[in-house]
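# Structure for this input, please:
(chains A and B)
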Amino acid sequence: MIKEIFLLALGLIFTENIVFSSALGSGTLITMSGKTGYVKGFCLSAFYLTVVSTSLTFFVSPLLSNTEAQSIEPLVFIGILGIVYIVTLVVASRLFVSRFERLKKYIHVSAFNSVVLGSMVLAEKTSFTGYPELQGTFWAYFFYGVFTAFAFILAVAVISAVYPRLHSEKIPYAFRGYPSMLLFLGIIAMTI
Amino acid sequence: MNELLNAVKRGLLTKNPLFVTGILLSPAIFCSTLKQALAAAMVFTIVTVGTAVIVNVLPLWKLVYTVRIILYTVIAALVYIPALKLSLFVFPSETAVILIYLQCLVANSLILERFDKRPFTRIRYKLIFTVSAAIGYDLSLLLFAGVREIISYGTFYGNPVGISTPLPAFGAVFGGFILLAFFAALYRQITKFADNLKAGLKND
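Predicted coordinates:
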């Protein structure tokens, strides 16, 4: 099982990175990477929400297996995410009384976006055929969430590291900022 | 009247969700043909505008942020059901290819952030801004996908256009990022030129 988890990690973090291979979460990545004082809290919160929500997808997966259910899938995922979001806020307000106001901001921003939702959708669509020991188990969904969230954090770290350079005055006005970030993402995606 | 024009201008041009702010990137990066882009634009418009209209009618802004944001996404997920059925009817094969991206549209930033936080004094201006931004996104998505299809596959809406050496790499995800970078840069250059022209006319 360890071998399969390792292979799943390699696949999801590098070759099938949610941002670089499918572009999911790229808008969130571009929006968040410039907010230096915000990005760590956002990433931690997104990590937690992605792991918990994707893990819980395991329990509704049998209900969504037929093609008739594809139109209600987002409603089911939003239901799970909404419950996780509210429970997280309630628990955080009890456990971290003094820091709750700060925590609340991160939870609000990271709850509903294409990274968390994308991870749930992709995990539900993945058959895990290359991972016979993980296939059909709760752990498949759990690790899918862990490694997808980690892949997103890696992408945020890469973009945040070059953010000041991509916004430098030395770059021509037309390409400064957003266009050069897209170019950078494209080049990284090409190497993967 | 100024605020109304401002809402339309911001939504369509100055805060264009694809070429300027990049808040709705993933469907644009993935859709490499005009038919796929049409399917995405159809679902996106129905989900976004439909949700904004319903939110505009119901007094949801009186609720606390946590409840409000969940209700926005639940409404979007409900509106998504007929939108997907329509898309599957009109573009069955294209919709199946981009299904993952369509599902993620229920949590798009235009509904969750931009609609909720726009600093317009009246709720109907927020609605006008959201509708303008949705139209702006659709137009830019279709333009981008149309040009991308010609460059990548030498076709337009599935019909050959006589390009002997297409560049299929631009149909891939990385090609989408790179091509969109050039579109965004060109858009910025054009808007700068237009602003300079306007300033020059005012001075004269």
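
# At which residues are the helices of the chain located?
Since you didn't name a chain, this refers to chain A. Along chain A, counting by DSSP state H, helices occupy A:2-10, A:26-33, A:39-60, A:73-95, A:100-111, A:114-125, A:138-166, A:178-191.

# wrong one, I was asking about chain B
Using DSSP H, helices in chain B cover B:2-9, B:25-30, B:34-57, B:65-90, B:92-97, B:99-104, B:109, B:115-117, B:123-153, B:173-203.

# I'd like to know which elements the second one is packed against.
Counting contacts by 3 or more Cβ pairs under 8 Å, 6 or more residues apart in numbering or on different chains; DSSP states H and E, helix B:25-30 packs against helix A:26-33, helix B:34-57, helix B:99-104, helix B:123-153, helix B:173-203. Every C-beta, even on glycine, is put in place using the N, C-alpha and C of the backbone.

# How confident is the prediction for the residue positioned nearest the centre of chain B, by pLDDT?
Central residue of chain B (Cα atoms, centre = their mean): B:Tyr137, 2.7 Å from the mean position. Here the pLDDT value assigned to B:Tyr137 is 93.

# one step back: so which of the helices of chain A is the most surrounded?
Highest mean neighbour count of the helices of chain A: helix A:114-125, a mean of 26 (counted as mean count of other Cβ atoms under 10 Å in any protein chain shown).

# The closest residue to B:Gly136 other than its chain neighbours: how many residues sit nearby?
Counting by Cβ to Cβ, 6 or more residues apart in numbering or on different chains, B:Leu12 is the residue found nearest to B:Gly136 once chain neighbours are left out, at 4.2 Å. Close neighbours of B:Leu12, defined as other Cβ atoms under 10 Å in any protein chain shown, add up to 19.

# cool, and B:Pro160?
Residues lying near B:Pro160 (other Cβ under 10 Å) number 10.

# Of all the residues in chain A, which one is nearest chain B?
Closest contact between chain A and chain B, by Cβ to the nearest Cβ, is at A:Gly186 (3.2 Å).

# Pull the contacting residues for that residue.
Contact analysis of A:Gly186 by Cβ atoms under 8 Å, 6 or more residues apart in numbering or on different chains lists B:Phe174, B:Gly175, B:Gly176, B:Phe177, B:Ile178, B:Ala181.

# any chance of these in TSV, plus neighbour count, distance to B:Phe19 and pLDDT?
As requested, these are exported to TSV (neighbours: other Cβ atoms under 10 Å in any protein chain shown; distance: Cβ to Cβ, whole Å; pLDDT from 0 to 100):
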residue	neighbour count	distance to B:Phe19	pLDDT
B:Phe174	21	19	95
B:Gly175	21	17	95
B:Gly176	28	14	95
B:Phe177	26	14	95
B:Ile178	20	15	96
B:Ala181	21	10	96
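
# can you narrow those residues to ones near chain A?
Within the set of those, contact with chain A (Cβ under 8 Å from any Cβ of the partner chain) is found for B:Phe174, B:Gly175, B:Gly176, B:Phe177, B:Ile178, B:Ala181.

# what stretches of chain B score poorly on pLDDT?
Across chain B, the ranges flagged by pLDDT under 70 are B:1, B:113-123.

# ok, residues contacting stretch B:13-26?
By Cβ under 8 Å, 6+ apart, stretch B:13-26 touches A:22-27, A:30-31, A:114, A:118, A:178, A:181-182, B:28, B:44, B:101, B:104, B:108-110, B:113-114, B:133, B:136-137, B:140-141, B:144, B:180, B:183-184, B:187-188, B:191.

# Return the members of those residues classed as buried.
Buried subset of the contacts of stretch B:13-26 (neighbour count, 16 or more other Cβ atoms under 10 Å in any protein chain shown): A:22-27, A:30-31, A:114, A:118, A:178, A:181-182, B:28, B:44, B:101, B:104, B:108-110, B:113-114, B:133, B:136-137, B:140-141, B:144, B:180, B:183-184, B:187-188.

# Measure how buried residue 128 is and give me the count.
Reading this off chain A. Using other Cβ under 10 Å, A:Phe128 is surrounded by 18 other residues.

# wrong chain, I was asking about chain B
Look at B:Ile128: counted by other Cβ under 10 Å, it has 23 neighbours.

# nearest residue to it other than its sequence neighbours?
What sits nearest to B:Ile128 in space, not counting adjacent residues and going by Cβ to Cβ, 6+ apart, is B:Ala7, at 4.5 Å.

# out of everything not next to it in sequence, what's closest to the closest residue to chain A within chain B?
Residue of chain B nearest chain A, by Cβ to the nearest Cβ: B:Phe177 (3.2 Å). Spatial nearest neighbour of B:Phe177, excluding adjacent residues (Cβ to Cβ, 6+ apart): A:Gly186 at 3.2 Å.

# and the gap between the one you found and B:Ala172?
Distance of A:Gly186 to B:Ala172, computed by Cβ to Cβ, to the nearest Å: 10 Å.

# mind listing what the residue nearest the centre of chain A touches?
Centroid check for chain A by Cα atoms, centre = their mean gives A:Val115 as the closest residue, at 3.5 Å. A:Val115 is in contact with A:Ile18, A:Leu24, A:Gly25, A:Thr28, A:Ala46, A:Thr50, A:Thr148, A:Ala149, A:Phe152, counting by Cβ under 8 Å, 6+ apart.
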